[in-house]
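> sharing a model prediction with you, sequence too.
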Amino acid sequence: MSASSRAQRVTKVSPYELLGVRHDISPIELRKRYLQLCRIVHPDKNKSSSASPDEPSLENEASLDSPSSLEPRESQSQSHRSADSSASSSAASSSSMGFIALLEAYAAINRDIDMRNNTAAVVRNKQDMQRKKDYDDGNERHLPPSARDAVNANANAHHAMAKPAAMAQELKEHANALFAKGDAVGAVRVYADAIAWDPGEPTLFANRCLALLQLGQFELAVADARRAVALRPRWAKAHHRLGQALARTGALTEAAGELRTALSLDPDFKPATVALQDVERRRGEAACRCTLRGHADAVYEVAYEPTSTRRLASASLDGTARVWDTASGTPVCVLVGHEDKVTGVAWRRGGEWLATASVDRTARVWHVRAQLPLASAATLRASAVLEGHKGRVTRALWTSDGEQICTSSTDKTARIWRVAVDGEGGGAKVALLHRLEGHKGLIPCLSISPDDRFVATASADGKCRVWTINDGQMAFELNAVPTNPDPEKQKSGNGAAVNLCAFLPQKNLLATCQIHAEQDSATVFVWDVDGKICPGRHVDGTLSSWRTLPLRAGGRVLSLASSLDSENDVLLSVGGSAGDMTTFDLSTAAAAWVCKGAHEVPRVPGQAANHAVAAVEALAYSKGGEFLASGGVDGAVRVWDAEDGRVVCAFGGCGDKSGAVKTIAWDGDTCLASGGVD
């Protein structure tokens with residue numbers, strides 16, 4: 001029999017016989033058979049130099065058909081009788097031609113199945129025709145190196161040899177389609193086949209992770225997501241998948257870290273933003289001991305009783321202050337009597353006595369007995385009223401000995417009062433000791449030195465003055481030169497205001513913040529009021545700053561907090577309207593760490609962040625100074641490692657769904673309370 005007649009008989013072999021399958025085979029079974037044969041006959045898979053130990057070798061697959069067995073037995077015998085004509089073919093050419101025959105048979109059976117089901121037949125034929133046209137035009141870029149020589153040697157080889165990556169891509173598309181139809185089980189199986197072809201492709205693991213999450217296989221999903229991150233560490237989507245999977249297992253802290261990593265790699269990745277908000281909300285709910293409900297308006301300040309870890313005082317714009325039992329979440333008492341908003345609350349050392357500041361131009365003293373019943377909230381009246389200010393009282397603070405109260409007001413004055421309390425009867429007698437006058441603008445803030453020698457007042461006139469408490473005399477005026485470029489305003493101090501002042505712990509250092517409204521910027525100064533670190537007063541009674549801290553340009557400082565680090569150096573943290581937070585080491589006057597956008601509300605991709613919505617309005621160090629808590633208008637409370645600025649945990653914060661956090665108070669190092677607009 002001639003060679004041409006033998007070739008004619010070979011071409012008439014049915015594709016079903018060539019693959020060894022039934023005519024009613026299902027598409028899934030056909031694909032399994034096809035992949036089974038591909039692992040044997042594919043030229044690249046049979047290279048001895050690149051074979052993986054995990055891949056089946058030709059010798060280990062005795063139960064499967066070898067490349068030569070794809071031809072009918074009669075053609076095999078004819079091939080043996082014409083060994084002289086086949087001897088000229090190379091090993092690569094034989095393997096390639098066997099694979100081409102496999103591709104053609106697989107395509108033909110698929111067309112039959114599609115025709116039977118009356119689906120996608122036209123599309124598949126069109127793709128085959130386009131593929132054939134590409135190779136007729138000499139397009140060989142899709143061929144693996146082992147098959148190019150064989151195709152060039154044989155003009156009838158029109159089909160491309162599929163590489164493992166191409167096979168994996170085809171399987172991935174099929175798995176994606178299954179997942180889109182809701183067949184997560186089928187998608188997981190096909191993704192596994194794709195990974196067998198290309199185990200170094202991270203998208204396969206990330207996609208299978210999502211399918212596993214839908215099936216509730218959370219641990220397996222975490223493993224796939226970790227593999228995707230390992231393969232492509234700077235891929236935001238991989239970290240997002242890992243964060244999703246970890247959140248489903250309950251590892252919320254690690255999940256939040258992965259989601260923040262995703263956002264650091266791609267700030268516009270909205271799914272990661274939404275997922276992070278949900279994780280932080282869940283963490284807040286899990287860590288929240290209790291929610292204290294009862295105020296009808298925003299809570300502006302909270303303070304723990306110094307001698308009790310159970311009692312917390314709160315001041316609200318609803319015109320009342322309340323004392324709560326934090327263990328049960330119930331109110332102990334309601335302090336009524338103020339005729340307007342209550343903006344400040346402070347405990348006397350030793351507890352049981354409270355001072356409140358109000359918009360009604362008064363400060364009041366209250367006796368909150370430790371023996372008050374917890375069954376129902378008692379209504380208390382003030383033991384004493386501090387009257388005399390002609391504007392709203394902005395602050396009311398006790399001296400550390402508990403014998404005096406200092407108040408500040410929008411009437412441009414501050415006052416020092418003597419308070420004599422009667423612990424037995426619950427009464428209190430107050431007397432005005434000193435009026436601190438001289439400021440030309442309202443006084444939003446005051447601070448008392450740790451040794452009770454000085455009280456500092458910050459004013460909108462651009463000045464900060466330090467007064468001696470014993471005699472009420474001004475000790476000196478702080479010489480903070482405004483940075484406003486207008487010479488006239490530099491002389492008068494206009495255009496700048498000192499909105500914050502705070503004495504720092506264990507040392508008579510005073511921090512002040514000067515804001516420049518026209519420039520929307522701020523400057524922070526640190527002063528040595530004792531003159532032990534830098535030269536003392538000038539002849540004109542002013543004092544030069546010991547440190548001027550290098551703040552980022554733009555934004556106003558809204559909150560200050562200070563503590564001592566492990567080496568007994570002072571740390572000063574500053575939060576601003578631009579959402580940034582900076583912690584300074586005063587031993588060097590350098591920033592120890594900076595967090596930009598610490599409380600930035602997630603922005604819409606393509607739009608600038610809204611700085612007014614990102615402000616950090618509350619800062620507080622834990623008692624031991626190990627942690628720093630911050631609160632922002634995003635409704636979130638975040639806890640940071642004071643030494644390196646690492647986020648320890650975060651609570652709440654759902655953008656426009658939560659109220660701004662206005663105040664934070666620590667009870668030791670493990671429990672904190674926050675109050676806000678909600």
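Everything's here; your move. Predicted model, so just to flag it, every value in this text is computed and none were measured.
> got the phi/psi numbers for the most centrally placed residue in the chain?
Residue closest to the average C-alpha location in the chain (CA atoms, centre = their mean): Arg260, at 3.9 Å. Here is the backbone geometry of Arg260 (degrees, to the nearest 10): phi -70, psi -40.
> ok, now the one 10 residues further on?
Backbone dihedrals for Lys270, given as degrees, to the nearest 10, come out at phi -60, psi -40.
> that one and Pro450: what is the separation?
Relative to Pro450, Lys270 is positioned 48 Å away (CB to CB, to the nearest Å). C-beta here means a position set from N, CA and C on the backbone, and glycine is covered the same way.
> do Ala592 as well
22 Å.
> could you do Val41 as well?
For Val41, the distance to Pro450 equals 84 Å [CB to CB].
> what's the answer for Leu335, then?
Counting by CB to CB, the gap from Leu335 to Pro450 is 28 Å.
> thinking Ser400 is in contact with Pro450, fair?
Yes: between Ser400 and Pro450 there is a contact at 7.1 Å, judged by CB atoms under 8 Å.
> so for these two, which residues contact both of them?
Among the neighbours of Ser400, none is also in contact with Pro450 (CB atoms under 8 Å, 6 or more residues apart in numbering).
> about what we covered before: more crowded one of Ala592 and Pro450?
Neighbour tally, Ala592 and Pro450, criterion other CB atoms under 10 Å: the higher count belongs to Ala592, 20 against 13.
> pretty sure that one contacts Thr583?
Yes: using CB under 8 Å, Ala592 is in contact with Thr583, at 4.8 Å.
> need the overlap of contacts for the two.
Both Ala592 and Thr583 are in contact with Leu571, Gly645, where contact means CB under 8 Å, 6+ apart.
> and Gly350, how far is that from Trp398?
Gly350 is 10 Å from Trp398, by CB to CB.
> higher neighbour count, those two?
The neighbour count for Gly350 versus Trp398, taken as other CB under 10 Å, is higher for Trp398 (22 against 13).
> buried set for stretch 465-474?
Residues Arg465, Val466, Trp467, Ile469, Gly472 are the ones in stretch 465-474 that count as buried (16 or more other CB atoms under 10 Å).
> cool, and stretch 349-364?
352-364.
> from the chain's centre, how far out does it sit?
Computed by CA atoms, centre = their mean, to the nearest Å, the chain-centroid distance of stretch 349-364 equals 38 Å.
> what mean pLDDT does that stretch get?
For stretch 349-364, the mean pLDDT works out to 92.
> what of stretch 198-211?
Per-residue pLDDT over stretch 198-211 has a mean of 92.
> next: stretch 498-513.
On average, stretch 498-513 scores 84.
> and it, how far apart are its ends?
Stretch 498-513 has an end-to-end distance of 6 Å (criterion: CA to CA, to the nearest Å).
> which of the residues in it are buried?
Quick answer for stretch 498-513 (16+ other CB under 10 Å): 498-504, 507-513.
> make TSV out of those and add secondary structure.
Formatted as TSV, the buried residues of stretch 498-513 follow (DSSP: H, G, I helix; E, B strand; the rest coil):
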residue	secondary structure
Val498	strand
Asn499	strand
Leu500	strand
Cys501	strand
Ala502	strand
Phe503	strand
Leu504	coil
Lys507	coil
Asn508	coil
Leu509	strand
Leu510	strand
Ala511	strand
Thr512	strand
Cys513	strand
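> as a markdown table, the residues you listed with distance to Ala618 would be great.
Converted to a markdown table, those look like this (distance: CB to CB, whole Å):
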| residue | distance to Ala618 |
| --- | --- |
| Val498 | 19 |
| Asn499 | 15 |
| Leu500 | 12 |
| Cys501 | 17 |
| Ala502 | 13 |
| Phe503 | 19 |
| Leu504 | 18 |
| Lys507 | 24 |
| Asn508 | 25 |
| Leu509 | 22 |
| Leu510 | 21 |
| Ala511 | 16 |
| Thr512 | 19 |
| Cys513 | 15 |
